[in-house]
Structures are given as structure tokens and as C-alpha cells.
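# Structure of the sequence below:
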Amino acid sequence: MGIIGIVIVLIIVMSVTGIPFPNNSPAATTCSAYDGLESILFRSDVYGTEDSLTFQYTPKDEKPATYYTSYAIYEYGSPIISEHNKVYDNITPANPIVINVSRKHDATYTMNMSIWKNDEACPLYQSRVTIAVGRVK
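Numbering: from 1, shown residues only. As a prediction, this is how the structure comes out:
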């Protein structure tokens, strides 16, 4: 079997098994425009009390905008809140995206967040933060 035969066999195997073909088209790299810019576009903060957590996402742009979010909050690794394509209007540094959740004293929480504008294919901002109670000995 020559090189052409091997290539044909690989193409058939990739098609049957679902292995993706390499794609160098511009559409395959549309999200790379924001790679590394998350901290420039938004600032995230987490505030906590004994019985609640507040996740705050503040845009650095002063111009009011509408943002779409998808997020999930996990308690001990199990999802407790999940929102997809939730709309937040008139978001500015003075009016950030704020999400509150009740908190159990010894629980570990993880928040996965994606933020984008409706006309964008890729998120402007993505983050994952885990909050756990520390013990002082």
C-alpha cells in the first residue's frame, strides 16, 4: 500500500470514528481574538459572609452595554444553580453583573462563568473560581 492508500485509509477511519479533521479556516480561530484579554475586559470579585457568596463581574468599559451570561455554581461538586443565556442590561463599572448564592459554612463552591455580547460568537470573558473554607491550626 502506497502513501496515497494510507492517506485514504486514515480519512476513512477518521470519518467513521468521528475524529475531527484539521481545520485551518478563519472560523476555527474566531475565539482566539479574545485569548488573554479576559482580565482587560472584565474584573471579577467574590465576597463572602458566613451564609452567602456574591460573585461580581465588572466591565472595564464605561459605556453601558447588554451582556449575556452562562454560568453554573457547584456546591461540593454538584450543580446548585445554572443559567444559560441570561441577559443583564445596562451593565457598567457602577452597575456590574452580580450573582448571589446562599452558603453552607464548610462547603466548597465553584463558579464557572462565560460572558459575551449577543452579536459575538465567542465569550468576551470566561472564568472559574473555587471557594473553600480554610482551617487555621
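# hey, let's count contacts and neighbours off CA atoms from now on
Fine.
# the longest strand in this structure is where?
Counting by DSSP state E, the longest strand found in the chain is strand 78-91.
# Give me the helices and strands touching that one, please.
Contact partners of strand 78-91 among helices and strands, from 3 or more CA pairs under 8 Å, 6 or more residues apart in numbering; DSSP states H and E: strand 65-75.
# so what strands line up beside the strand it packs on?
Strand pairing for strand 65-75, determined by DSSP bridges: strand 78-91 (antiparallel), strand 109-116 (antiparallel).
# for that strand, what is the average pLDDT?
Strand 65-75 comes out with an average pLDDT of 96.
# Quick check: buried residues in that strand?
67-75 (16 or more other CA atoms under 10 Å).
# Need the CA coordinates for it. CSV is fine.
Output in CSV follows, covering the C-alpha atoms of strand 65-75 (Å, rounded to 0.1, in the frame of the first residue of the first chain):
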residue,chain,number,x,y,z
ALA,A,65,-24.0,47.5,27.5
THR,A,66,-26.1,44.4,27.4
TYR,A,67,-24.3,41.2,28.2
TYR,A,68,-25.3,37.6,28.0
THR,A,69,-24.1,35.1,30.6
SER,A,70,-24.0,31.4,31.1
TYR,A,71,-22.9,30.2,34.5
ALA,A,72,-23.0,27.3,36.9
ILE,A,73,-22.4,27.2,40.6
TYR,A,74,-21.4,24.0,42.2
GLU,A,75,-21.6,23.0,45.9
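# re earlier: any chance of the buried residues of strand 65-75 in TSV with distance to Ile99 as columns?
Shown next, in TSV, are these (distance: CA to CA, whole Å):
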residue	distance to Ile99
Tyr67	14
Tyr68	13
Thr69	11
Ser70	12
Tyr71	10
Ala72	11
Ile73	10
Tyr74	13
Glu75	15
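# That concludes my questions; thank you for your assistance.
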